[in-house]
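> With the sequence up front, the predicted model follows.
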Amino acid sequence: MENVLSETARAFDAHAQNYDALVEPNALLQNMRAALWTEVTRRVAPPARLLDIGCGTGIDALYFAQRGYYVTAIDASREMVNQTRQRIARANGNARVENARADELDKLGDEKFDAMYSDLGPLNCVENLGTVSAQGAAHLKPRGYLIVSVMARVCPLEIFYFALRGDFKQATRRFPRQMIPVNLENGTVLTRYYDPGEFFRFFQNDFHLVMSRALNLVLPPPYLFHRYQRAGVLTKPLAWLDARVSPLPFFRNMGDHFLMTLQRR
């Protein structure tokens, strides 16, 4: 498995330089990112200490650093770490950035955090979430928070979209309950999709469940952004409906991602 994890890191290394050009103009991705930002700021106020798990190119890390939080950011990809450091430096921000996987939090020494977050699915690429739970709890202050957005197993609009096109392999691609290879540019990322209850079971020994809701349930997955743009005046009503439906029982278990807040026991 170590070789597969290394291959995943290499795939993100190759993707790092063009990542921002792909994600920053995408309003559907920004909708999900903003949901995590709102949840973090709701739970802890600056100058709280935050750990960004799977920081990518540092979009989240810079957002919080500019608002007075003390941010430590980690990523398994060395090139993503480089991109984050460059982003922070360009903005004259202040954040500690380290090359480490989500299951290597012990590399951070004795540092304790008020909250940890992981945005847009890095934890889907981790084989042993139990290790993340134990190490995360050890590095959180008492009653500290872990706030994550995770790629969901059941995305109704994705299923409908590909089934309508007769592509049932793509329509059901998230269903396996083990890690599967997913193409990323010219590399391969090992990924596992979760429903919220299944995901929480890995963390239940160390954390209480505080909140869970769907992300982009009524709104389409981000890769359908160009089709979403064609909706024109309907985009705002869709976003309004998504915000109201996504926290409801049953519906909150689906979507492109789900957002979950856990609190250390």
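That came in fine, so what should we check first?

> ok, which stretches of the chain are strands?
All strands of the chain, identified by DSSP state E, fall at 49-53, 70-75, 95-99, 113-118, 140-151, 180-184, 187-191, 207-215, 257-264.

> just checking, Ala152 touches His257?
Yes - using CB atoms under 8 Å, Ala152 is in contact with His257, at 5.7 Å. All C-beta spots, glycine's among them, are computed from the backbone N, C-alpha and C.

> intersection of neighbour lists for those two?
Ala214, Leu215 (CB atoms under 8 Å, 6 or more residues apart in numbering).

> quick revisit: using JSON lines, please lay out the strands of the chain together with mean pLDDT, mean neighbour count and distance to Arg33.
Formatted as JSON lines, these follow (pLDDT from 0 to 100; neighbours: other CB atoms under 10 Å; distance: least, CB to CB, whole Å):
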{"stretch": "strand 49-53", "mean pLDDT": "98", "mean neighbour count": "26", "distance to Arg33": "12"}
{"stretch": "strand 70-75", "mean pLDDT": "98", "mean neighbour count": "25", "distance to Arg33": "15"}
{"stretch": "strand 95-99", "mean pLDDT": "97", "mean neighbour count": "19", "distance to Arg33": "17"}
{"stretch": "strand 113-118", "mean pLDDT": "98", "mean neighbour count": "25", "distance to Arg33": "11"}
{"stretch": "strand 140-151", "mean pLDDT": "98", "mean neighbour count": "21", "distance to Arg33": "8"}
{"stretch": "strand 180-184", "mean pLDDT": "86", "mean neighbour count": "14", "distance to Arg33": "19"}
{"stretch": "strand 187-191", "mean pLDDT": "86", "mean neighbour count": "19", "distance to Arg33": "19"}
{"stretch": "strand 207-215", "mean pLDDT": "98", "mean neighbour count": "19", "distance to Arg33": "10"}
{"stretch": "strand 257-264", "mean pLDDT": "98", "mean neighbour count": "24", "distance to Arg33": "10"}
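
> Mind putting those strands into CSV with distance to Ala27?
Formatted as CSV, the strands of the chain follow (distance: least, CB to CB, whole Å):
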stretch, distance to Ala27
strand 49-53, 22
strand 70-75, 24
strand 95-99, 26
strand 113-118, 21
strand 140-151, 16
strand 180-184, 22
strand 187-191, 24
strand 207-215, 13
strand 257-264, 15
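
> of those, which approaches Ala171 most closely?
Of all those, strand 180-184 sits nearest to Ala171, with 14.7 Å by CB to CB.

> how far off strand 187-191 does that closest one point, in degrees?
Calculated by axes from the mean of the first three to the mean of the last three CA atoms, to 10 degrees, strand 180-184 forms an angle of 140 degrees with strand 187-191.

> Use 22 as the first number for this chain going forward.
Renumbered: residue one is now 22, and that last one reads strand 201-205.
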